[in-house]
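Chemist: Sequence plus predicted model, see below.
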Amino acid sequence: MTPQNPENITAGAPAAETAPHISVEGFDSRIPEVIDLNAPRDGVPLVIETPAGLERCAAAIAAGTGPAGVDAERASGFRYGQRAFLVQIRREGSGTWLIDPEPFDDLKIINDALSGVEWILHAASQDLPCLSELGMWPDRLFDTELAARIAGLPRVGLAAVIEQLLGFGLAKEHSAADWSTRPLPEPWLRYAALDVEVLTELREELIEMLDADGKLGFAEEEFAAILGAGQAPPRVDPWRKTSGLHQIRDRRQLAAVREMWLERDSLAQKRDVAPGRLIPDSALVAAAKAMPATVPQLLGTKGFHGRAAQREAPRWLRCIAAARDLEDLPPLHLPTNAPPPPRVWTDRDPEAAERLTTARPLLQGKADQLNIPLENLLTPDFLRRVSWRPPEDISEASVAAELRTLGAREWQIALTAPVITEAFLNPQPLPAKEPKQPKEPKEPAGN
């Protein structure tokens with residue numbers, strides 16, 4: 001990678017050097033002494049927030065060469081939704097650009113400037129949704145987090161991967177900051193610029209490592225699958241993701257959670273604040289279980305405290321009252337074609353349990369052999385589904401077809417279908433259950 005300027009290195013650190021290629025087995029012995037990155041090589045750029053500045057940015061990015069490092073900062077936990085409040089882009093020949101999306105309807109001009117260019121993102125699934133809202137979507141993708149997983153790195157956070165492969169320390173102290181703050185503090189902007197500073201060099205190291213291990217094609221299939229999947233459709237009944245909802249066993253109480261969740265979501269959107277900052281999920285569940293009828297009763301419920309709880313208490317009571325009067329109550333569970341939890345398979349379908357318990361350790365062995373996390377070798381849900389409902393005639397071809405239908409990539413199918421087939425054709429019997437010991441009767445009190 002390009003050496004850092006001396007003033008960009010922590011005082012007292014040795015002169016920067018290019019980190020050598022590191023095999024997974026040789027991390028400790030071959031990583032050079034870590035050098036902290038504390039300032040971008042070209043200085044901290046100004047934030048683009050005018051149409052003229054955005055046009056200048058687009059022209060510079062279009063004139064650059066090679067792939068582009070892309071990142072986005074959100075205000076999760078502070079503002080409503082997951083929109084981006086800062087977009088960072090770095091490309092060879094154009095430098096680093098920091099863009100404030102708030103003054104603009106979209107960033108399609110930037111997307112056009114990147115037409116045909118490979119984007120380098122870390123954990124793309126986190127940033128692509130908010131970039132898509134701005135009219136940005138890559139034609140080609142390299143996900144450094146996913147590449148690091150397939151390469152078998154022990155830690156896959158951005159700072160950890162940069163340290164392991166490039167020998168540079170990257171601070172992450174502002175990752176959970178409120179990026180809707182304006183103006184953004186200079187230390188935050190420095191942090192944001194550094195997030196894309198070495199993505200190109202990191203990509204080169206990961207490609208070298210993946211290619212040496214014969215895994216580059218695996219990663220490329222994964223990147224293509226992310227792009228091919230596009231944006232996930234809106235979630236059906238998003239209120240059912242309320243944390244702690246499993247505690248609710250009554251349909252009317254469930255309706256109370258729904259009514260309060262929908263009201264909270266509407267209010268949060270109107271005020272542009274994270275819903276949890278109004279009332280936490282735990283308070284919604286507690287109130288639904290208690291079904292209070294008065295303000296004092298509501299405010300006495302666990303979690304209902306603070307200004308939003310007190311000021312909006314009548315609002316939440318109206319939701320509970322509406323749920324109390326409903327005739328059309330929501331079902332406790334939505335219909336699903338997913339298999340039941342594996343813990344009940346032994347009783348419900350012992351043969352399916354045998355298939356799963358035989359296949360799982362064999363796949364783990366394959367994953368260990370390839371130095372790939374098991375969940376990346378094959379989505380665990382795919383294994384559960386094919387174990388619960390296997391093909392009528394079990395063969396490598398039929399198992400492969402089933403995995404393909406479920407959405408497994410071709411590289412995953414080629415590596416796992418033979419293993420699963422072998423397990424299904426030769427399942428190991430489940431260990432015999434030990435008979436339950438009868439409980440000894442309690443002695444009467446007073447003896």
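Modeler: In hand now; what should we look at?
Chemist: residue ranges of the strands in this protein, please?
Modeler: All strands of the chain, identified by DSSP state E, fall at 35-37, 47-48, 65-74, 84-92, 95-99, 118-121, 140-143, 168-170.
Chemist: now the third one and strand 84-92, what's the angle there?
Modeler: Here the directions of strand 65-74 and strand 84-92 differ by 160 degrees (axes from the mean of the first three to the mean of the last three C-alpha atoms, to 10 degrees).
Chemist: go on, the fifth one?
Modeler: Counting by the same axes, to 10 degrees, strand 95-99 points 170 degrees away from the direction of strand 84-92.
Chemist: Sheet partners, orientation included, of strand 95-99?
Modeler: Strand 95-99 has the following strand partners under DSSP bridges: strand 47-48 (parallel), strand 84-92 (antiparallel).
Chemist: still on that earlier bit, which one, of the strands of the chain, ends up nearest to Lys241?
Modeler: strand 65-74 (18.2 Å; C-beta to C-beta). Placement of C-beta: from N, CA and C, glycine included.
Chemist: packing partners for the closest one?
Modeler: For strand 65-74, the packing partners by 3 or more C-beta pairs under 8 Å, 6 or more residues apart in numbering; DSSP states H and E come out as strand 84-92, strand 118-121, helix 124-133, helix 199-212.
Chemist: got CSV for these, with distance to Leu425, mean pLDDT and mean neighbour count too?
Modeler: Below are the helices and strands packed on strand 65-74 laid out as CSV (distance: least, C-beta to C-beta, whole Å; pLDDT from 0 to 100; neighbours: other C-beta atoms under 10 Å):
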stretch, distance to Leu425, mean pLDDT, mean neighbour count
strand 84-92, 50, 98, 24
strand 118-121, 41, 98, 24
helix 124-133, 36, 97, 19
helix 199-212, 33, 98, 19
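Chemist: Any stretches of the stretch 101-250 of the chain with poor pLDDT?
Modeler: Applying pLDDT under 70 to the stretch 101-250 of the chain picks out no residues at all.
Chemist: Going along the chain, name the helices of it.
Modeler: In the stretch 101-250 of the chain, the segments counted as helices under DSSP state H, counting those that start in this stretch are 108-113, 124-133, 144-151, 158-166, 186-194, 199-212, 216-229.
Chemist: so which of these comes closest to Cys57?
Modeler: Of those, nearest to Cys57 by C-beta to C-beta is helix 108-113, at 6.9 Å.
Chemist: which other helices and strands contact that closest one?
Modeler: So helix 108-113, by 3+ C-beta pairs under 8 Å, 6+ apart, packs with helix 51-63.
Chemist: so how far is the helix it packs on from its chain's centroid?
Modeler: 31 Å (C-alpha atoms, centre = their mean, to the nearest Å).
Chemist: what comes into contact with that helix?
Modeler: Helix 51-63 has contacts (C-beta atoms under 8 Å, 6 or more residues apart in numbering) with 46, 48, 68, 89, 91, 93-95, 97, 99, 104, 107, 109-110, 112-114.
Chemist: Check which residues of it are buried.
Modeler: Of the residues in helix 51-63, Gly53, Leu54, Cys57, Ala58, Ala60, Ile61, Ala62 count as buried by neighbour count, 16 or more other C-beta atoms under 10 Å.
Chemist: Which one of these is nearest to Arg355?
Modeler: Comparing those against Arg355 with C-beta to C-beta picks out Ile61 as the nearest, at 51.6 Å.
Chemist: Find me the pLDDT at Gly306, would you?
Modeler: pLDDT recorded at Gly306 is 80.
Chemist: quick one: it from Ala313, how far?
Modeler: 11 Å (C-beta to C-beta, to the nearest Å).
Chemist: Neighbour count for those two, which is higher?
Modeler: Ala313 (18 against 13; other C-beta atoms under 10 Å).
Chemist: how about a markdown table for the helices of the stretch 101-250 of the chain, with distance to Ala286 added?
Modeler: Shown next, in a markdown table, are the helices of the stretch 101-250 of the chain (distance: least, C-beta to C-beta, whole Å):
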| stretch | distance to Ala286 |
| --- | --- |
| helix 108-113 | 45 |
| helix 124-133 | 31 |
| helix 144-151 | 36 |
| helix 158-166 | 37 |
| helix 186-194 | 36 |
| helix 199-212 | 44 |
| helix 216-229 | 37 |
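Chemist: For Gln82, find the nearest of those helices.
Modeler: helix 124-133 (5.4 Å).
Chemist: Residues touching the closest one, excluding its own?
Modeler: 70-72, 74, 82-84, 87, 121, 137-138, 141, 143, 145-146, 226, 231-232.
Chemist: So for stretch 416-425, mean pLDDT?
Modeler: Across stretch 416-425, pLDDT averages out at 98.
Chemist: List every C-alpha atom in it, with coordinates, as PDB.
Modeler: Extracted as PDB, the C-alpha positions of stretch 416-425 are listed here (Å, rounded to 0.1, in the frame of the first residue of the first chain):
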ATOM      1  CA  THR A 416     -21.700 -29.700   0.800                       C
ATOM      2  CA  ALA A 417     -24.100 -31.900  -1.300                       C
ATOM      3  CA  PRO A 418     -21.800 -34.900  -1.200                       C
ATOM      4  CA  VAL A 419     -21.400 -34.600   2.500                       C
ATOM      5  CA  ILE A 420     -25.100 -34.200   3.200                       C
ATOM      6  CA  THR A 421     -25.900 -37.100   0.900                       C
ATOM      7  CA  GLU A 422     -23.500 -39.400   2.700                       C
ATOM      8  CA  ALA A 423     -25.000 -38.400   6.000                       C
ATOM      9  CA  PHE A 424     -28.600 -39.000   4.800                       C
ATOM     10  CA  LEU A 425     -27.800 -42.400   3.300                       C
END
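Chemist: Going by neighbour count, list what's buried in that stretch.
Modeler: Of all the residues in stretch 416-425, those buried under the rule 16+ other C-beta under 10 Å are Thr416, Ala417, Val419, Ile420, Thr421, Ala423, Phe424.
Chemist: Can you give me every residue that contacts the fifth one?
Modeler: If a contact means C-beta under 8 Å, 6+ apart, then Thr421 has Ile394, Ser395, Glu396, Val399 as its contacts.
Chemist: Most neighbours of all the residues you listed, which one?
Modeler: Counting neighbours by other C-beta under 10 Å, Val399 leads the contacts of Thr421 with 25 neighbours.
Chemist: Which segments of this protein make up each domain?
Modeler: 6-229, 238-325, 342-425 (automatic domain parsing).
Chemist: Which one of the helices of the stretch 101-250 of the chain lies nearest to Ala274?
Modeler: helix 124-133 (14.5 Å).
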